[in-house]
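# one predicted model, sequence on top.
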Amino acid sequence: MSALQVELVAADRKVWEGEASMVSARSIDGDLGILPGHTPVLAVLVEGEVTIHTSGAPQNVTIDGGFLSVDDDRVVVVADRVDAGSLSASASS
Amino acid sequence: MGAQQREYRQRSRSVQSTKKITRAMELIAASRVVKARQRVAETTPYARAITRAASAVATHADVDHPLTTKREQPRRAGVLVVTSDRGLAGAYAANVLKRSEQLRELLEESGMEYVPFLTGRKAENYYSFRNRPFEDSWSGFSDSPTFDVAQEISERLIGEFTRGTDEGGVDEIHLVYTRFVNMVTQEVQVTRLLPLEVVEDAAPRTPENGFPLYEFEPDAAEVLDALLPRYITSRIWNALLQSAASELAARQRAMKSATDNAEELIKTYTRLANQARQAEITQEISEIVGGASALADAK
């Protein structure tokens, strides 16, 4: 199973980029989990946590709303503001 | 020391202290422009992601969104003019204001009312000095704008646009800002912000095989609802950052030429002071020689 290429983008910078096995976020309709091979999706996210499961411990970041796009195992999470305080520095590119 | 010589020395000293100030401002602007350019570059991923997503929705879903719909017979056009808070940046603010005046003439010729929204104290002063009304203004951040300001401006402008002329809003929104090309070139740009033309904008980005068939969650209309305001915000945010970088670059150049001019002046004054000193010495010598020969003649 291939991995997801994840990009986490805030308005003023690219917060994180890397590989992950799963991404989960909260969309308007409810929680959304993305695994490799997911069909292309554009979802509107609400304020809440985004969890990125990397090879190490899962990374949690808090966003204030934005959207998520999945396309050919590339996941782009876009938010206006990202609180990446808990994001481990080693995973950041 | 003669009076003339003293005057030249005094002037040269005053120019020297001016030079110190302009040199310091030049160095400050030079160091900050690097930071400002970095900030412009850092926003690119966000802008790209949003543009991609917005054009994906626009090409795949046949939805009409109020923000992309052209009004028939627009009557009021809002114009966001991005200038600086401070002067001493050469013609930076003047160029933007000049372009905004041209745009005003153009809009008025086509029968529209010009509704200015201003950022930067320079623009505010320009309007209040001429007793001209403006709709709203933001200032105090021109050389290091924050995302909050961009969001505030974009919310206000989108609000005005959605209300439309009938309810006191506007039918179109234009943006006048300075695009940072490189350290020596900054161009004033005029673009239409609303109604949006996402597709046209994103055309060169489209990959050969087009966008994948996205599923929308919850549906295309709501995705657009969330995306388009963000798209506008990112455009405004980008314009503010580019203008900030341009302002600093313009200031650096203006201060560089001010420093050069000061150096030139100091040189001139030093020469004049030397000349005055030499004239004094020559005069003294000829006085002594004249005096001595007068004494010799008297004997």
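Thanks, I have the structure now. Numbering: from 1, shown residues only, chains lettered A, B, ... in the order given.

# and stretch B:219-238, what's buried?
B:220, B:222-224, B:226-238 (16 or more other Cβ atoms under 10 Å in any protein chain shown). Any C-beta I mention is one placed from the backbone N, CA and C, and that applies to glycine too.

# from these, which ones fall inside helices?
Members of the buried residues of stretch B:219-238 lying in helices (criterion: DSSP state H): B:220, B:222-224, B:226-238.

# show me which of these neighbour chain A.
Among these, proximity to chain A is found for B:222, B:223, B:226, B:227, B:230, B:233, B:234, B:237 (Cβ under 8 Å from any Cβ of the partner chain).

# which residues touch the fourth one?
Looking back up the chat, that one is residue B:227. If you count contacts by Cβ atoms under 8 Å, 6 or more residues apart in numbering or on different chains, residue B:227 has them with A:44, A:67, B:50, B:53, B:54, B:57.

# could you identify the helix or strand that succeeds the one helix or strand the third one maps to?
When you say that, I think you mean residue B:50. Using DSSP states H and E, residue B:50 sits in helix B:44-60. For helix B:44-60, the succeeding helix or strand toward the C-terminus, using DSSP H and E, is strand B:76-82.

# tell me how many other residues surround residue B:118.
25 (other Cβ atoms under 10 Å in any protein chain shown).

# so it is in which element?
strand B:113-119.

# surely residue A:7 is within a helix?
No - read with DSSP: H, G, I helix; E, B strand; the rest coil, residue A:7 is strand and lies in no helix.

# next, count neighbours for it.
Using other Cβ under 10 Å, the number of residues around residue A:7 comes to 18.

# ok, now residue B:32?
Neighbours around residue B:32, by other Cβ under 10 Å: 19.

# hang on, isn't it packed against residue B:143?
Yes - between residue B:32 and residue B:143 a contact is recorded at 6.8 Å, counting by Cβ atoms under 8 Å.

# overlap in contacts, those two.
residue B:248.

# following the helix or strand of chain B with the lowest mean pLDDT, which helix or strand comes up?
When the helices and strands of chain B are compared on mean pLDDT, DSSP states H and E, helix B:198-202 comes out lowest with a mean of 48. The helix or strand immediately downstream of helix B:198-202 is strand B:215-217, counting by DSSP H and E.

# please identify the buried residues of stretch B:64-80?
Buried, per 16+ other Cβ under 10 Å, within stretch B:64-80: B:65, B:67, B:68, B:71, B:74, B:76, B:77, B:78, B:79, B:80.

# about what we covered before: the strand holding residue B:118 pairs with which strands, parallel or anti?
strand B:76-82 (parallel), strand B:136-138 (parallel) (DSSP bridges).

# reformat those strands as a markdown table; add mean pLDDT.
Supplementary listing: those in a markdown table, determined by pLDDT from 0 to 100:
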| stretch | mean pLDDT |
| --- | --- |
| strand B:76-82 | 94 |
| strand B:136-138 | 93 |
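
# among those strands, which is nearest residue B:298?
Taking Cβ to Cβ, strand B:76-82 is the member of those nearest to residue B:298, at 82.3 Å.

# burial check on residue 27, number of neighbours?
Let's take chain A. Residues within reach of residue A:27, counting by other Cβ under 10 Å, total 17.

# ah, I was thinking of chain B
14.

# which positions in the helix or strand encompassing it come out as buried?
Element membership of residue B:27 [criterion: DSSP H and E] is helix B:3-42. Using 16+ other Cβ under 10 Å as the test for burial, helix B:3-42 gives B:5, B:8-9, B:11-12, B:15, B:18-19, B:22-23, B:25-26, B:29-30, B:32-33, B:36-37, B:39-40, B:42.

# show me how far it is from its chain's centre.
Distance of helix B:3-42 from its chain centroid, counting by Cα atoms, centre = their mean, to the nearest Å, is 20 Å.

# same check on stretch B:23-43?
Its chain's C-alpha centre and that of stretch B:23-43 lie 13 Å apart, by Cα atoms, centre = their mean.

# same question for stretch A:12-19.
With Cα atoms, centre = their mean, you get 9 Å for stretch A:12-19.

# what does stretch A:36-45 give?
Between the centre of stretch A:36-45 and the centre of its chain there are 11 Å (Cα atoms, centre = their mean).

# got it, and stretch B:177-196?
With Cα atoms, centre = their mean, you get 9 Å for stretch B:177-196.

# list of residues touching it?
B:33, B:37, B:40, B:67-71, B:80, B:82, B:92, B:95-96, B:98-99, B:103, B:157-158, B:161, B:172-176, B:228, B:231-232, B:235-236, B:239-240, B:242-243, B:245-247, B:249-250, B:252-253.

# all strands for chain A, in order.
Ranges of strands in chain A, per DSSP state E, are A:4-10, A:13-20, A:22-27, A:30-34, A:41-53, A:59-71, A:74-79, A:82-83.

# could I get the ones you listed as JSON lines with mean pLDDT and distance to residue B:46?
Shown next, in JSON lines, are the strands of chain A (pLDDT from 0 to 100; distance: least, Cβ to Cβ, whole Å):
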{"stretch": "strand A:4-10", "mean pLDDT": "90", "distance to residue B:46": "5"}
{"stretch": "strand A:13-20", "mean pLDDT": "87", "distance to residue B:46": "8"}
{"stretch": "strand A:22-27", "mean pLDDT": "90", "distance to residue B:46": "17"}
{"stretch": "strand A:30-34", "mean pLDDT": "89", "distance to residue B:46": "20"}
{"stretch": "strand A:41-53", "mean pLDDT": "89", "distance to residue B:46": "14"}
{"stretch": "strand A:59-71", "mean pLDDT": "87", "distance to residue B:46": "10"}
{"stretch": "strand A:74-79", "mean pLDDT": "90", "distance to residue B:46": "6"}
{"stretch": "strand A:82-83", "mean pLDDT": "82", "distance to residue B:46": "10"}
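
# fine by me, thanks again.
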